[in-house]
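**Q** coordinates only, sequence not included:
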């Protein structure tokens, strides 16, 4: 049709014109980093490990983590947000292309009341139309850049949630084993003190020991008995916490023993600059900065005129039988320029606002990097100090057990007062509890080291690059 020719010429011209794009160029932020972490005592490159928790060699822990990654609601929400971000990009990309619509209208009336002398009649209009706002200043393309950065940020947010879930499950599992161990110590200590109390009661009834020995034995039995319900509560609450992470109702969980847990080998953490590329929260913050920077271009484009093309072609007739005839055909092509003249600086202020929003995103990115470096250093010093503390606690426990044994023998032989027995047994009880706690803290410190290094759940492509199984 002839009316399509001017439309085609206009569209081609528009495509040739839509070439410039206002706004700042997206550039990677420059941050300073040290050559090595303060407490990294192992030289060598770091390694991304897809399943670092397997270093603990605990099948129950492995199962819990995979169940959590599959059913945890926070993971599902993060996955949904990625789909939402892709949908937002689709909406933004649609603005690059013409919009097609239609207009169907009809009317009927009796004009005789107006004195025309004609009879009643009607009119039918069917008009397809096209509207296209040209992206001359790059407003839509900048919006697309922002939407793509939001997608990347959402994908990193998912990885961040996955790493957080892995860390929470692993740490909660170690805490559960710690409470199991402390509960076992409390029950064993209570059973021992019940036996001691029975012996003291027998001796008191025979007048061998004074009543003060009986009272002291009763106190120690009650102290041990009190610890049992406390750790029972702790075990149950930790189980409930883990069940929520696993996306299931509270139930008893299968698990191993704290004493069976393997201390992971020391790992080279790499250099700080690698951390910036590996941690998903840092990559997310960087992408959000890109998104806000791209939106500066959107705001700047609003200060300039917008160009649009409209076209319509259709039929109109008062007689339905002739609606599709050539005589009823009609078309129109037009263009418009719409731009601001004077609005008291409102559009300029929009640009200023967006620039400040982008600056805030950059500051958050820089702050995230500082926090990441701090978390790695904290985790490294925790691994180092808790390792030495466990060694000291184990020596303390061995000495306390032997001292309690010797003190009991001395008391039975009449060589010391019962107060010495009570003190050595109290020291043994505390030493055993503190040793179990230190072992749990050491294992947790490795968990948080891997988290601080950005280790955890990586994509299959990254796994192939790292040659991981």
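**A** Thanks, I have the structure now. Nothing here was measured: the structure is a model prediction, and the numbers come from that model.
**Q** how much space between residue 442 and residue 260?
**A** 14 Å (C-beta to C-beta, to the nearest Å). Quick note: C-beta positions are derived from backbone N, CA and C, even for glycine.
**Q** more neighbours: those two, which one.
**A** residue 442 (23 against 10; other C-beta atoms under 10 Å).
**Q** skipping its backbone neighbours, what lies nearest residue 186 in space?
**A** Counting by C-beta to C-beta, 6 or more residues apart in numbering, residue 186 lies nearest to residue 227, which is 4.0 Å off, once chain neighbours are set aside.
**Q** so where's this protein shaky on pLDDT?
**A** Residue ranges of the chain with pLDDT under 70: 1-19, 30-50, 106-124, 266-276, 313-331, 456-469.
**Q** buried ones in the longest strand seen in it?
**A** Longest strand in the chain by number of residues (criterion: DSSP state E): strand 121-134. The neighbour-count check on strand 121-134 (16 or more other C-beta atoms under 10 Å) flags 124-127, 130, 132-134 as buried.
**Q** what's the next secondary structure element after that strand?
**A** Note on strand 121-134: by DSSP states H and E, the next helix or strand toward the C-terminus is helix 139-205.
**Q** what packs against the helix or strand just after that next one?
**A** Downstream of helix 139-205, the next assigned helix or strand under DSSP H and E is helix 211-245. Counting contacts by 3 or more C-beta pairs under 8 Å, 6 or more residues apart in numbering; DSSP states H and E, helix 211-245 packs against helix 139-205, helix 418-452.
**Q** dump those helices to CSV, plus distance to residue 25.
**A** Below are the helices and strands packed on helix 211-245 laid out as CSV (distance: least, C-beta to C-beta, whole Å):
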stretch, distance to residue 25
helix 139-205, 11
helix 418-452, 33
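**Q** so which of those helices is nearest residue 346?
**A** Nearest of the helices and strands packed on helix 211-245 to residue 346, taken as C-beta to C-beta: helix 139-205 at 16.5 Å.
**Q** from the contact counts, what lies against that closest one?
**A** helix 59-71, helix 73-94, helix 211-245, helix 280-301, helix 418-452.
**Q** run through the residues that contact the residue nearest to residue 338 when sequence neighbours are not counted.
**A** Sequence neighbours aside, residue 306 is the residue nearest to residue 338 in space, at 5.1 Å (criterion: C-beta to C-beta, 6+ apart). Applying C-beta atoms under 8 Å, 6 or more residues apart in numbering to residue 306 gives the contacts 133-134, 136, 337-339.
**Q** go through those and name the one nearest residue 147.
**A** So of those, ranked by how close each gets to residue 147 (C-beta to C-beta), first place is residue 133, at 17.6 Å.
**Q** give me the sheet partners of the longest strand of the chain and which way each runs.
**A** Strand 121-134 has the following strand partners under DSSP bridges: strand 99-109 (antiparallel), strand 306-317 (antiparallel).
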